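Trainee: need a structure here:
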Amino acid sequence: RLLNSGELVLPYPYLPQVVTARPEHFARISTIVFQSPYHYRQDSLGLERVVFLFPVLTNIRVAFFDRLLGEKDNRYQEPHPLAPSPELSWPALSRLEEIYFSPCARLSAPAPLVAISTLMQRCSQLKKLVYRHKYPGRKSPDSFSPAALVEAVVPVKHTLLHLEMYCSSAKIPSFPIQTLVTFQLREFALLKTLVIDEEFFCQHWLSDSYSDSCLVDILPAGVSSLTVRLHDKYKAVPDIVR
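Mentor: Down below sits the predicted model:
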């Protein structure tokens, strides 16, 4: 909560004392939701205010990052430069099996793919990843790149079984061709389930030529369950037929 002075009020005035007094009460928690974390940097997921929880949340297997808005109040002034994201020292990261970014709603700032990439490097057992982007390009066309998202999650390509990447708005702008998902997705050799937005990969949105295929070039060989989310123009249908 932001005061008129620009200072943040700690939103959990009593929880730190509870954690210190009864750490064993948190040992069996397996799922946590970080709802609307206060962040705006590309290299941070905004968990600085809940770092006191990490030593006791050792058995988390599922983590939700709900509503990553990425907005910063103009009145807020950093008291000092922030240290590297505190979540990187969370012992549970190496045992996380599912992570959800749902949604990441960045209206004007770039998506926090730097923070996600760094986080993925510490998730050595991740099996499922869901990323839902909301309102891409509405105010800043360069705020999100599907190819950059794939690059950010490459560190978990040897463990990931289930991957979902899509936008939560049906009528979204066409991404520039250089930002579309490429053959790098084929590196996810263990992937069994893929859910993907057609505009993340389909070059036919940018051209009326159907001489080249898109989906077959990027699809990992081991995928046995495929969902392609189609939009109003159904540009990807010919490629799906292929």
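
Trainee: could you give me the average pLDDT of the helix or strand hosting Ile99?
Mentor: Using DSSP states H and E, Ile99 sits in strand 98-105. Strand 98-105 carries an average pLDDT of 88.

Trainee: and the next element down the chain from that strand?
Mentor: Per DSSP H and E, the first helix or strand lying C-terminal to strand 98-105 is helix 113-120.

Trainee: got the CA positions of that next one in CSV?
Mentor: Taking Å, rounded to 0.1, in the frame of the first residue of the first chain, the C-alpha atoms of helix 113-120 are listed here in CSV:
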residue,chain,number,x,y,z
LEU,A,113,11.2,-12.0,-19.4
VAL,A,114,14.6,-11.3,-17.8
ALA,A,115,13.2,-12.3,-14.4
ILE,A,116,11.4,-15.3,-15.8
SER,A,117,14.6,-16.5,-17.6
THR,A,118,16.7,-16.2,-14.4
LEU,A,119,14.0,-18.0,-12.4
MET,A,120,13.9,-20.8,-15.0
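
Trainee: ok, residues contacting that helix?
Mentor: 39, 41-45, 85, 87-88, 93, 99, 101, 126, 131, 148-149, 151-156 (Cβ atoms under 8 Å, 6 or more residues apart in numbering). C-betas here are computed from N, CA, C, even on glycine.

Trainee: hmm, back to that, other SSEs contacting the strand holding Ile99?
Mentor: Here strand 98-105 touches strand 62-66, strand 128-134, going by 3 or more Cβ pairs under 8 Å, 6 or more residues apart in numbering; DSSP states H and E.

Trainee: please enumerate the strands of this protein.
Mentor: 31-35, 62-66, 98-105, 128-134, 162-167, 193-197, 225-229 (DSSP state E).

Trainee: mind checking those strands for the one nearest to Pro13?
Mentor: Pro13 lies closest to strand 31-35 among the strands of the chain, at 17.7 Å (Cβ to Cβ).

Trainee: just the CA atoms of the helix or strand bottoming out on mean pLDDT in the chain, as PDB, please.
Mentor: Within the chain, no helix or strand scores below helix 237-241, which has a mean of 75 by mean pLDDT, DSSP states H and E. Extracted as PDB, the C-alpha positions of helix 237-241 are listed here (Å, rounded to 0.1, in the frame of the first residue of the first chain):
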ATOM      1  CA  VAL A 237      -6.000 -23.400 -40.600                       C
ATOM      2  CA  PRO A 238      -4.100 -24.300 -43.800                       C
ATOM      3  CA  ASP A 239      -0.900 -24.900 -41.900                       C
ATOM      4  CA  ILE A 240      -2.800 -27.100 -39.300                       C
ATOM      5  CA  VAL A 241      -4.100 -29.100 -42.200                       C
END
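
Trainee: off-centre distance for the strand holding Ile99?
Mentor: Strand 98-105 has its C-alpha centroid displaced from the chain centroid by 5 Å (Cα atoms, centre = their mean, to the nearest Å).

Trainee: repeat for stretch 178-187
Mentor: 17 Å.

Trainee: tell me the buried residues in that stretch?
Mentor: For stretch 178-187, burial by neighbour count (16 or more other Cβ atoms under 10 Å) applies to Thr179, Leu180, Val181, Thr182, Leu185, Arg186.

Trainee: spatially, what comes nearest to Tyr166 if we skip its sequence neighbours?
Mentor: Closest residue to Tyr166 apart from its sequence neighbours, by Cβ to Cβ, 6 or more residues apart in numbering: Asp197 at 3.7 Å.
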